[in-house]
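> Pasting the sequence and the predicted coordinates here, then a few questions.
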Amino acid sequence: MTVLGIDDTDSRTAGMCSTYLAALVAEAIEDAGDTVHRRLLVRLNPAVEHKTRGNAALALHTDARAGDALAIASDLVGTYAVDTDPRTSPGVVVADCDPAAVPDRVAAFAREAVREFHELDDALALADEVGFDHRGWEADGGGDTRAAAAGDDADDADDVAGRGRIGALAAIGAWRAFDDWTYEHISYREFDRCGTPREVEEASVFAAAEEAYPLAWDTVDRDEGEAVCVPNAPGPILHGIRGDDPDAVRSVADGIDGEPVERAALFVTNQGTDVHLREGTLGDLRDGGAYRVECEVATAPETRRGGHVFFEVTDPDRDAADAPGDGDAADGDPAESAAVDCVAFEPTKRFRDRVRDLRIGDRLTLCGEVADGTLKLEKFAVRDLVETEPAVPTCPDCGRSMESAGANQGYRCRDCGTREPRKVVEPIDRGLEPGWYEVPPCARRHVSKPLVRGGFDAPTHPER
């Protein structure tokens, strides 16, 4: 068996798509008489600075010889990869082994690539150590590409970056690294239509999505009236259908009416798996990481300019003396370091209403990526709700609210003379229930797990 990894052949602005190139490579391998057993689409750390769009790397599992697969891929990368964007830096890596037998270090590299950051030099050193051949290209922004191969010295590797070899190596190790997989059926446009408006009959998308739900998910956003599966980027994808069942995603694609489909491919993928999340504590969060953390709401949610909703959380088990604003604050104080800002951005739409329903003292589990010290929410679980609040007593005789009788003297009714020593506790009507809440499909990150997939540790409130 051979595992071929490909990455970074597209562009944020100039289109193309690494999945399209992988589909072409797979077809060329099969045209040469060999078999492609699996097409793998691997989403890597979404916080990586040098990503093009969705930070996806591709792997093909084939019985073609490693040298033949590398030659075919190299030829097609040279033909189709974007060569006018200096940020695009294609890479190809090939492993002459079964995908389940890649070295432990490569599997570890793949796991880290979803949660951490890798340098190109580290990827090349590892590929050379385990005997994986590789090629790298770099666009100069003027329509020219240069290629580097395994064995080039370090200075040459820096000059001809081939940064895509990081993702390509991670894609090779992914089958060993992960055990939760979903599917995406991608339909591609006729290539000369790239850059023009897509012609898709939205009514057929919604009908096909309804028929296959929940085995196929995030096809549409019903509340927003948006066909989520149809991209806006100027690339060759017409639509991509995601789900847990290969037959279900194919059936949705077959039910969509629109412009001609040039080719289609089914990918096994780590999309919708939450594999990017790690368990964390508020005091240990770092920019560029994605976490699942336990916390308590410390400030009331506030809608700021642009419609973004912010609030602050703290450690739910902190001592009362450590609460923000108590005692003397000093640099490095545990209470200061464990207070974290959270945000639900405007594109998360109705999810912000769930966030606005939070109250100080609610206990939550939050999931999201940290950037500039702020946790960007992807989903949260309500663990314990504040269900009562202090209230001014009501006179039992006349039904009017009592008034303060003076400092530390409780409350009294001026008309009836009745008294209460302190405020009373009254129940609160809450718009939330215990369980998990998520951003809607129109705002879902590729790797975030939709609640409809199940496997969560509390009741779920899925968005459609």
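Okay, I see it.

> And for the closest residue to Glu226 other than its chain neighbours, the neighbour number?
Distance criterion CB to CB, 6 or more residues apart in numbering; nearest residue to Glu226, sequence neighbours excluded, is Cys442 at 5.0 Å. All C-beta spots, glycine's among them, are computed from the backbone N, C-alpha and C. By other CB atoms under 10 Å, 19 other residues sit near Cys442.

> Give the helix, strand or coil label for Asp397.
Using DSSP: H, G, I helix; E, B strand; the rest coil, the structure places Asp397 in coil.

> Who are the contact partners of the residue nearest to Glu226?
221, 224, 226, 228, 347, 349 (CB atoms under 8 Å, 6 or more residues apart in numbering).

> Buried subset of the residues you listed, written for ChimeraX?
Buried members of the contacts of Cys442, defined by 16 or more other CB atoms under 10 Å, are picked up in ChimeraX with:
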select :221,226,228,349
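
> thinking again about what came up before, could you check how far the residue nearest to Glu226 is from Ala227?
Per CB to CB, to the nearest Å, Cys442 is found 10 Å from Ala227.

> Would you state the helices of the stretch 1-150 of the chain in chain order?
In the stretch 1-150 of the chain, the segments counted as helices under DSSP state H, counting those that start in this stretch are 18-31, 66-80, 104-115, 120-130.

> Those helices: which one's closest to Leu385?
Among the helices of the stretch 1-150 of the chain, the nearest to Leu385 by CB to CB is helix 104-115 (31.0 Å).

> so how far is the closest one from its chain's centroid?
Centroid separation between helix 104-115 and its chain, computed with CA atoms, centre = their mean, to the nearest Å, is 17 Å.

> now do stretch 338-357
Offset of stretch 338-357 from its chain centre (CA atoms, centre = their mean): 16 Å.

> Just the terminal-to-terminal distance for it.
End-to-end distance of stretch 338-357 (CA to CA, to the nearest Å): 23 Å.

> Show the average pLDDT along that stretch.
Mean pLDDT, computed over stretch 338-357, is 96.

> Just the buried positions in that stretch, please.
Neighbour-count burial for stretch 338-357 [16+ other CB under 10 Å]: 338-340, 342-345, 348-349, 351-352, 354-355.

> when you check those residues against the strands, which ones overlap?
340, 342-344 (DSSP state E).

> okay, the residues you listed in TSV with distance to Asp98 next?
TSV is the format used below for those (distance: CB to CB, whole Å):
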residue	distance to Asp98
Val340	43
Cys342	43
Val343	44
Ala344	44
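
> Run through the residues that contact Val36.
So Val36 contacts 26, 29-30, 60-62, 64 (CB under 8 Å, 6+ apart).

> Can you give me the distance of the residue nearest to Leu432 when sequence neighbours are not counted to His461?
Nearest in space to Leu432, with sequence neighbours left out and distances taken as CB to CB, 6+ apart, is Asp357 at 4.9 Å. Distance of Asp357 to His461, computed by CB to CB: 12 Å.

> Also Val340?
Distance from Val340 to His461, by CB to CB: 24 Å.

> do the same with Asp372
In terms of CB to CB, Asp372 sits 29 Å off from His461.

> Compare neighbour counts for those two and give me the winner.
Between Asp372 and His461, His461 has the larger neighbour count (other CB under 10 Å), namely 17 against 7.

> what pLDDT does that one get?
Taking His461 on its own, its pLDDT is 97.

> Just confirm it contacts Pro440, I think it does.
No. Counting by CB atoms under 8 Å, His461 stays clear of Pro440, with 11.5 Å between them.

> just to revisit the earlier point, what two of the ones in strands among the buried residues of stretch 338-357 have the greatest distance between them?
Val340 and Ala344 (14.1 Å).

> from the chain's centre, how far out does stretch 363-377 sit?
Centre to centre, stretch against its chain (CA atoms, centre = their mean), the figure for stretch 363-377 is 13 Å.

> model confidence over it, on average?
97.

> list the buried ones in it?
363-370, 374-377.

> Of those, which pair is most distant in space?
Taking CB to CB, no two of these sit farther apart than Arg363 and Glu369, at 21.6 Å.

> Could you break this protein into its assigned domains?
Following automatic domain parsing, one finds the domains of the chain at 2-177, 182-269, 277-387+429-461, 388-427.

> Quick check: which of those is buried the most?
domain 2-177 (a mean of 21; mean count of other CB atoms under 10 Å).

> Quick check: mean pLDDT of that one?
85.

> Endpoints of that domain, how far apart?
17 Å.

> do stretch 407-420 as well
End to end - CA to CA - stretch 407-420 spans 13 Å.

> what sits up against it?
By CB under 8 Å, 6+ apart, stretch 407-420 touches 392-393, 395-398, 400, 402-405, 421-423.

> Now for this structure: which strand has the highest residue count?
The chain, longest strand under DSSP E: strand 374-384.

> That strand: how far from the chain's middle?
14 Å.

> hey, C-alpha coordinates of that strand in PDB?
Backbone C-alpha positions of strand 374-384 (Å, rounded to 0.1, in the frame of the first residue of the first chain) are rendered in PDB as follows:
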ATOM      1  CA  THR A 374     -10.600  35.600  24.300                       C
ATOM      2  CA  LEU A 375     -12.400  32.300  23.900                       C
ATOM      3  CA  LYS A 376     -14.500  32.300  20.700                       C
ATOM      4  CA  LEU A 377     -17.500  30.200  21.400                       C
ATOM      5  CA  GLU A 378     -18.400  27.200  19.300                       C
ATOM      6  CA  LYS A 379     -20.800  25.500  21.800                       C
ATOM      7  CA  PHE A 380     -21.500  25.400  25.500                       C
ATOM      8  CA  ALA A 381     -23.200  23.100  28.000                       C
ATOM      9  CA  VAL A 382     -25.400  24.500  30.800                       C
ATOM     10  CA  ARG A 383     -24.400  22.500  33.900                       C
ATOM     11  CA  ASP A 384     -26.200  24.400  36.700                       C
END
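
> Which elements pack onto that strand?
Under the contact criterion of 3 or more CB pairs under 8 Å, 6 or more residues apart in numbering; DSSP states H and E, strand 374-384 touches strand 290-297, strand 340-344, helix 351-356, strand 363-371, strand 435-438.
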